[in-house]
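Undergrad: here are the coordinates; sequence isn't available:
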């Protein structure tokens, strides 16, 4: 019962923006959108999260549509080190149900 | 801070043996999660603790698996007896109080059961 759907893979050129889409059409009002990534052989790494407003940090930007049914993670200037599997997850913020359910994610390949 | 510490990093054992995986959370973090990752099933949550108390163990595959958190600085995941299908990478992750579901993952333990 995946709550999010993502393309299987995508690639982009080094130095260009990488736009990773995610659909979450059944998201509840109290659920946030989280993005994590997993570089080969490492544990997942938190990137960013948001509720309904767009968010930006030193790693990426998160754009959430007004109806909250989809979002896009933007890596503004992709580098080779950004090659990884990126997971889009919806979850409540706190409480007993605030756990992360990882799907298959999208494999981003950054090419030189 | 050293981050989440897991030991051992690699474990090779024979079917039927007991396996114990260990995790030391980041100091001050009050939630701890155990995950398992395989090619077939992806990254699965096995169990998570809040303030040393197990909150949700619905992901624990069967009675052969058990997890404990005797104090805020230490957790174990035990498999007894181990089977070849338990071969996977096991990750421990922790989260600070009120930290908006930002989990910090350890490097993982790669378990191979022959």
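TA: Sure, I can see it. Since the model is a prediction, treat every value here as computed from it, not as a measurement. Numbering: from 1, shown residues only, chains lettered A, B, ... in the order given.
Undergrad: what is the burial count for residue B:98?
TA: 8 (other C-beta atoms under 10 Å in any protein chain shown). Glycine gets a C-beta too; all of them are placed from N, C-alpha and C.
Undergrad: and residue B:20, by the same measure?
TA: 14.
Undergrad: the one 10 residues further on now?
TA: Using other C-beta under 10 Å, residue B:30 has 16 other residues around it.
Undergrad: residue A:34 too?
TA: 23.
Undergrad: surely it forms part of a strand?
TA: Yes. Under DSSP: H, G, I helix; E, B strand; the rest coil, residue A:34 falls within a strand.
Undergrad: test my guess that it contacts residue A:90.
TA: Yes. The criterion here is C-beta atoms under 8 Å, and residue A:34 meets it with residue A:90 at 7.3 Å.
Undergrad: next, the buried residues of stretch B:89-101.
TA: B:89-96, B:99, B:101 (16 or more other C-beta atoms under 10 Å in any protein chain shown).
Undergrad: likewise stretch B:54-66?
TA: B:55-56, B:59-60, B:65.
Undergrad: what's whatever helix or strand residue B:48 lives in packed up against?
TA: Under the criterion of DSSP states H and E, residue B:48 resides in strand B:42-50. If you count contacts as 3 or more C-beta pairs under 8 Å, 6 or more residues apart in numbering or on different chains; DSSP states H and E, strand B:42-50 packs onto strand B:29-38, strand B:53-56, strand B:65-71, strand B:74-79.
Undergrad: any chance of those strands in CSV, plus distance to residue A:52 and mean pLDDT?
TA: Supplementary listing: the helices and strands packed on strand B:42-50 in CSV, determined by distance: least, C-beta to C-beta, whole Å; pLDDT from 0 to 100:
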stretch, distance to residue A:52, mean pLDDT
strand B:29-38, 25, 94
strand B:53-56, 27, 91
strand B:65-71, 35, 96
strand B:74-79, 35, 97
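Undergrad: nearest to residue A:7, of those strands?
TA: strand B:29-38 (20.7 Å; C-beta to C-beta).
Undergrad: report the angle between that closest one and strand B:74-79.
TA: 30 degrees (axes from the mean of the first three to the mean of the last three C-alpha atoms, to 10 degrees).
Undergrad: ok, strand B:29-38 near chain A or not?
TA: Yes. In terms of C-beta under 8 Å from any C-beta of the partner chain, part of strand B:29-38 sits within range of chain A, namely B:33, B:35.
Undergrad: let me see the contact set for the residue of chain A found nearest chain B.
TA: As assessed by C-beta to the nearest C-beta, chain B sits closest to residue A:43 within chain A, at 2.9 Å. Contact partners of residue A:43, counting by C-beta atoms under 8 Å, 6 or more residues apart in numbering or on different chains, are B:4, B:91, B:93, B:105-108.
Undergrad: closest to the centroid, which residue in chain A?
TA: A centroid search over chain A (C-alpha atoms, centre = their mean) returns residue A:35, at 3.3 Å, as the residue closest to the centre.
Undergrad: list the beta-bridge partners for that one.
TA: residue A:48, residue A:88 (DSSP bridges).
Undergrad: isn't it right up against residue A:87?
TA: Yes. Applying C-beta under 8 Å, one finds residue A:35 in contact with residue A:87, separated by 6.9 Å.
Undergrad: so what secondary structure elements neighbour the helix or strand of chain B with the lowest mean pLDDT?
TA: Lowest mean confidence among the helices and strands of chain B (mean pLDDT, DSSP states H and E): strand B:53-56, at a mean of 91. Judged by 3+ C-beta pairs under 8 Å, 6+ apart, strand B:53-56 is in contact with strand B:42-50, strand B:65-71.
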